[in-house]
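K.L.:
Whatever this is, show me its structure:
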Amino acid sequence: MAARIDPLTREVVDLIGTVVSRYHSEYDAAASKHQLTGAQARVLGLLALEPLPMRRIAEQLKCEPSNITGIVDRLEARGLVERRPDPADRRVKLAAATAEGRQTYERLRSSLEFAREPLAQLSAAERTALRDILRHMLGLEA
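P.N.:
Prediction:
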């Protein structure tokens, strides 16, 4: 028999689900405005931070490396991503965002209103508390 979830926990879980759903919907719509799928935008976002091997991209996005290869192929064809040898191990290829790829991702990210608007309604102290709670829930350093 499953344990009953108290009403407060259920409401918090439902609210988190609503926030995540709204964020994904807006993210996918913003990606579409840049002729990207949501998956392509997420890969480009990771690569805008640092070059990564395909396996690591797949691990972070929790998908198969073969899916990442196809996504990187399409981003590379558009000039948003390039493959380069890993300086630490030249047998390994890294995918890296090009200057155009980083600019495209920055435009996409700056167009996201949903995440910015509700957070702007919170004070700095409330945003700090929310960040700390989320980090605690995820087991990250506060």
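K.L.:
Now for the chain, the helix or strand with the poorest mean pLDDT.
P.N.:
In the chain, no helix or strand scores lower on mean pLDDT, DSSP states H and E than helix 116-120, which sits at a mean of 76.
K.L.:
Just the buried residues of the top helix by length along the chain, please?
P.N.:
Taking DSSP state H as the assignment, the helix of the chain that covers the most residues is helix 7-33. Neighbour counts over helix 7-33 (16 or more other Cβ atoms under 10 Å) mark 27, 30-31 as buried. All C-beta atoms are positioned from the backbone trio N, CA, C, and that covers glycine.
K.L.:
now, among those, which is nearest to D73?
P.N.:
D73 lies nearest to A31 out of the buried residues of helix 7-33, by Cβ to Cβ, at 17.2 Å.
K.L.:
What distance do you get for that closest one to R107?
P.N.:
Taking Cβ to Cβ, to the nearest Å as the measure, A31 and R107 are separated by 11 Å.
K.L.:
list the buried ones in the least confident helix or strand of the chain?
P.N.:
When burial is assessed from 16+ other Cβ under 10 Å, helix 116-120 yields no buried residues.
K.L.:
Just give the nearest non-adjacent residue to D28, would you?
P.N.:
The spatially closest residue to D28, leaving aside those adjacent along the chain, is G38, at 4.1 Å (Cβ to Cβ, 6 or more residues apart in numbering).
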